[in-house]
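Undergrad: got a structure for you, letters missing:
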DNA sequence: ATCGGCTCGCGCAA
DNA sequence: TGCGCGAAGCCGAT
């Protein structure tokens, strides 16, 4: 019994039943032999929503089988890597809305503050928790917290990938080389995994000692460093705002997405990435709704689904399997060799971090992109590539460029500190998931981009003017 | 406007 | 072992 204790049990949806429809024997054992007498716990971290959430669904399934209450626990971690006011404000407001919705389903949300494995272990001991279900996150500190929690919590701890359509560990067990190598692996499993979510059901088992609602005011007073970027005004967090944003995208912008997505005019992008990052919107929900949409051509839908599923899951795959995902050294060998060979090349312009951060380069287009990031917390996908490639070209070393791009993205982007961000910076600077091209100074064979390309694709002057207007507004 | 070449390595066919 | 082809491009030729 409970032979898995002390280790994280990785669950994917096929673990529930095998192909013949029989329950997984080890899981069936766990189901019936939970030791604690307290509630089951969903340790919410990456997927901060009360529905469309496979980790929550699995936790509720276990709690129902064991006829016990289910609580959700979120642990705020002081000093969480590169998190600042902009992120906390968006996250906490969304989380309080999620908490309210969960309470309506008889699943109270408990807010802890501290180092997550310490807090979870203490909380589970105090409440005699029967089991813990955590959502999957490929980032190394999250994986380490999960491993440590599994060793310290007496109850079994399960990991469920609630973020990817095809669970990351199931799609591939190694670092994939490119989109084309992971694409067939994901496509093959999509019919099995791209299925409707269960309807949320009020939980029938209540705790006699149910926790009271979290003190969100105290949480918001969380210590903050000076000079951090502030909240992004006019951008509503929360699972209901996210659902509305998805509906709005499908109604008004899915049509023509395939041809417009490289145009950074405001209406081309989906604008959903902050919701995805904080798990306020499930990529699988977006995929299901887009596929069922009456708007948009087959080509529009395919383009959106490619970005939503293949490229998003490729970035999780990169972070899970590449320990140096947030360092230059995590790039592909051929790209790093190119950068090293061109380390001595003359840079046409040389800027340090402060010039980039202040949007004070010679290039009005680059500065506009940086301002868009600083002001709105978002940058259009095409401009992110151009923006990062110019940081490489105008920094004294690839090392400095990598740090500048990652720091600015993490500091200002609402979806910073995300596998997508790490992967995007690597794609631009080290050639990750890309192929070699005609050699150039500084870049070597890593793909080069320039302002002429932008002019070919969109109205650069209008883009610059739009960012100026946003700044003075 | 459109096209081919650039250039490396993965994965499959043979 | 050979071969097709690829995360978003650039450039020059036509």
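TA: Done, it's in. Predicted model, so just to flag it, every value in this text is computed and none were measured. Numbering: from 1, shown residues only, chains lettered A, B, ... in the order given.
Undergrad: so where do the helices sit in the stretch 251-400 of chain A?
TA: Along the stretch 251-400 of chain A, the stretches classed as helices by DSSP state H, counting those that start in this stretch are A:257-260, A:273-277, A:283-292, A:298-305, A:312-321, A:333-341, A:353-357, A:364-376, A:381-393, A:398-412.
Undergrad: so what does the fifth one touch, helix or strand wise?
TA: By that I understand helix A:312-321. When contacts are defined as 3 or more CB pairs under 8 Å, 6 or more residues apart in numbering; DSSP states H and E, helix A:312-321 packs onto helix A:168-171, helix A:179-193, helix A:419-429. To be clear about C-beta, it is placed using only N, CA and C from the backbone, and glycine gets the same treatment.
Undergrad: turn the ones you listed into TSV, columns for mean neighbour count and mean pLDDT.
TA: Listed next are these as TSV, based on neighbours: other CB atoms under 10 Å; pLDDT from 0 to 100:
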stretch	mean neighbour count	mean pLDDT
helix A:168-171	21	94
helix A:179-193	15	94
helix A:419-429	25	96
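Undergrad: wouldn't residue A:245 be in contact with residue A:269 here?
TA: No: using CB atoms under 8 Å, residue A:245 is not in contact with residue A:269, being 11.4 Å away.
Undergrad: can you pull out the low-pLDDT segments for the stretch 201-350 of chain A?
TA: Confidence mapping of the stretch 201-350 of chain A against pLDDT under 70 gives the ranges A:223-226, A:261-268.
Undergrad: quick check, stretch A:364-376 touching DNA strand C?
TA: No: Stretch A:364-376 lies apart from DNA strand C when judged by CB under 7 Å from any atom of the strand; the minimum separation is 11.8 Å.
Undergrad: near DNA strand C, which residues of the stretch 351-473 of chain A?
TA: Of all the residues in the stretch 351-473 of chain A, those lying near DNA strand C are A:381-382, A:385, A:423-424, A:427, A:432-435, A:437-438, A:447-450, A:452-453, A:456-457, going by CB under 7 Å from any atom of the strand.
Undergrad: narrow the residues you listed to just the buried residues.
TA: Taking 16 or more other CB atoms under 10 Å as the criterion, what is buried in these is A:381, A:382, A:385, A:423, A:424, A:427, A:432, A:433, A:434, A:447, A:448, A:449.
Undergrad: so for the top helix by length along chain A, mean pLDDT?
TA: Looking across chain A with DSSP state H, the single longest helix is helix A:85-104. If you average the pLDDT over helix A:85-104, you get 95.
Undergrad: helix or strand next in line after it, which one?
TA: Note on helix A:85-104: by DSSP states H and E, the next helix or strand toward the C-terminus is strand A:109-113.
Undergrad: returning to what we had before: okay, buried residues for the longest helix of chain A please.
TA: Going by neighbour count (16+ other CB under 10 Å), the buried part of helix A:85-104 is A:85-99, A:101-102.
Undergrad: now swap in stretch A:328-345 and tell me
TA: Applying 16+ other CB under 10 Å to stretch A:328-345 flags A:328, A:330, A:331, A:332, A:334, A:335, A:336, A:338, A:339, A:342 as buried.
Undergrad: again with stretch A:304-321
TA: By 16+ other CB under 10 Å, the buried positions in stretch A:304-321 come out as A:304-305, A:307-321.
Undergrad: hmm, back to that, could you dump the helices and strands packed on helix A:312-321 to JSON lines with distance to residue A:106?
TA: Formatted as JSON lines, the helices and strands packed on helix A:312-321 follow (distance: least, CB to CB, whole Å):
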{"stretch": "helix A:168-171", "distance to residue A:106": "31"}
{"stretch": "helix A:179-193", "distance to residue A:106": "28"}
{"stretch": "helix A:419-429", "distance to residue A:106": "33"}
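Undergrad: so which of the ones you listed is nearest residue A:80?
TA: Closest to residue A:80 of these, according to CB to CB: helix A:419-429, at 15.0 Å.
Undergrad: from the contact counts, what lies against the helix or strand just after the closest one?
TA: Where DSSP H and E defines the elements, the next helix or strand beyond helix A:419-429 is helix A:451-457. The contact analysis (3+ CB pairs under 8 Å, 6+ apart) places helix A:451-457 against helix A:381-393.
Undergrad: now do the helix it packs on: distance to the chain's middle.
TA: Here helix A:381-393 is found 20 Å from its chain centre; the criterion is CA atoms, centre = their mean, to the nearest Å.
Undergrad: and for stretch A:329-341?
TA: Using CA atoms, centre = their mean, the offset of stretch A:329-341 from its chain centre is 26 Å.
Undergrad: distance of the residue positioned nearest the centre of chain A relative to residue A:94?
TA: Nearest residue to the geometric centre of chain A (CA atoms, centre = their mean): residue A:277, 3.5 Å. Using CB to CB, to the nearest Å, one gets 11 Å for the distance from residue A:277 to residue A:94.
Undergrad: ok, now residue A:195?
TA: To residue A:94, residue A:195 is 26 Å away according to CB to CB.
Undergrad: okay, the helices of the stretch 251-400 of chain A in CSV with distance to residue A:126 next?
TA: Converted to CSV, those look like this (distance: least, CB to CB, whole Å):
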stretch, distance to residue A:126
helix A:257-260, 49
helix A:273-277, 31
helix A:283-292, 34
helix A:298-305, 45
helix A:312-321, 32
helix A:333-341, 48
helix A:353-357, 44
helix A:364-376, 43
helix A:381-393, 45
helix A:398-412, 34
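Undergrad: contacting residues for the residue in chain A that DNA strand C sits nearest to?
TA: Relative to DNA strand C, the nearest point of chain A is residue A:453 (2.2 Å; CB to the nearest atom of the strand). Applying CB atoms under 8 Å, 6 or more residues apart in numbering to residue A:453 gives the contacts residue A:386.
Undergrad: same check on residue A:151?
TA: residue A:6 are the contacts of residue A:151 under CB under 8 Å, 6+ apart.
Undergrad: give me the pLDDT value at it.
TA: What the model reports for residue A:151 is a pLDDT of 95.
Undergrad: and the angle from the helix or strand where it lies to helix A:312-321?
TA: Here residue A:151, judged by DSSP H and E, is contained in helix A:140-152. Angle of helix A:140-152 versus helix A:312-321, following axes from the mean of the first three to the mean of the last three CA atoms, to 10 degrees, is 60 degrees.
Undergrad: partners of the following helix or strand past helix A:140-152, with directions?
TA: The helix or strand immediately downstream of helix A:140-152 is strand A:157-160, counting by DSSP H and E. Using DSSP bridges, strand A:157-160 pairs in its sheet with strand A:8-11 (parallel), strand A:131-135 (parallel).
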